[in-house]
Every structure is written in structure tokens, then in C-alpha cells.
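Colleague: structure, please.
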Amino acid sequence: MRTLFYVIFAFILLTSCGSNNEVTVGTFNIAWLGDGIDDKSPRSNEDIKNIGEVISTLEADVLALQEIENLQSIKNIVDTNKYSIITVSYPKEQKTALIISKQIEIIDIYQIDAIALGN
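Modeller: Numbers count the residues shown, from 1 in each chain. Sure, this is the predicted structure:
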């Protein structure tokens, strides 16, 4: 699944954004961020608000998120007017995702399945 993000990340770097062609990239392991329904590790409303403020303050063009439950959990913390959200489709409890500034044009998204390494 990491390969999916590398492909998207490389594409974003090649197409870049802004007038000075700089892209700010970050990562945030949110540790069991659920959608508020039967969460494994429930969060308070204040905690959800604080996580959203951290993301907003970063002002990253691309932010990789780890340990999220689903799309709704991201929508609870991200301003969807500012960011596009890409989540992986594999059926695990914890997922990864990218949030990408809407100033960056996303032309296409490719889902790459797990790659066997032969070990």
C-alpha cells in the first residue's frame, strides 16, 4: 500500500503547485482516529477539534495520515473545502490516507495492490 502513496507523491512533486513550485509535505500518525461510532479508542470533541487545528496550522500541501478508521473520521478533522482526501481501499481496521490541498490538481489516482516480495 505504501507504493500507492509513493506513486501519488511522486506525481505531485512532478506536477507541483503554486507560483514558486514548492510543495509542503508532512505526515501525521493520529493513533486510532475513529469516526465517532463504536470507536476502539474514543476521542472527545475537544480532542477532535485540536487534531483539526493542528492540521490547519500546518498548512501542508500534502499530508499523509496514519491510523485512521475511514473517510468519515478524516472529514471530522479536515476542512473539505481546502483539502481533497484519498484513502486506501484495503479492509483493515486502521488505514492510511492523503489529504491534498485543492490548489493541487489531481489528474488521476491509481490503486496498487500489495506487492509480494518473495519472502
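
Colleague: what's the host helix or strand of residue 30 in contact with?
Modeller: In this assignment (DSSP states H and E), residue 30 forms part of strand 25-33. Applying C-beta atoms under 8 Å, 6 or more residues apart in numbering, the contact partners of strand 25-33 are 9, 39-41, 43, 51, 54-55, 58, 60-69, 73-74, 77, 94. Using the backbone N, CA and C atoms, a C-beta is placed for each residue, glycine as well.

Colleague: these, buried ones only, as a ChimeraX selection?
Modeller: Burial among these is assessed by 16 or more other C-beta atoms under 10 Å; the matching ChimeraX selection reads:
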select :9,43,51,55,60,61,62,63,64,65,67,68,69,73,74,77
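
Colleague: so which of the contacts of strand 25-33 sit within helices?
Modeller: Mapping these onto helices (DSSP state H) picks out 9, 51, 54, 55, 58, 73, 74.

Colleague: for the fifth one, which non-adjacent residue is closest in space?
Modeller: Which is residue 58. Take residue 58 and drop its neighbours on the chain: the residue closest to it by C-beta to C-beta, 6 or more residues apart in numbering is residue 26, 5.7 Å away.

Colleague: tally of neighbours for the nearest residue to residue 54 once chain neighbours are set aside?
Modeller: Nearest residue to residue 54, sequence neighbours excluded (C-beta to C-beta, 6+ apart): residue 28, at 7.4 Å. Counted with other C-beta atoms under 10 Å, the neighbours of residue 28 add up to 19.

Colleague: next up, the contacts around the closest residue in space to residue 34 that isn't next to it in sequence.
Modeller: Nearest residue to residue 34, sequence neighbours excluded (C-beta to C-beta, 6+ apart): residue 69, at 4.5 Å. For residue 69, the contact set (C-beta under 8 Å, 6+ apart) comprises 32, 33, 34, 35, 39, 93, 94, 95.

Colleague: farthest-apart pair in the residues you listed, please.
Modeller: Using C-beta to C-beta, the pair of those lying farthest apart is 39 and 95, separated by 13.8 Å.

Colleague: quick one: distance of the strand holding residue 30 to the chain centre.
Modeller: Distance of strand 25-33 from the chain centroid (C-alpha atoms, centre = their mean, to the nearest Å) equals 8 Å.
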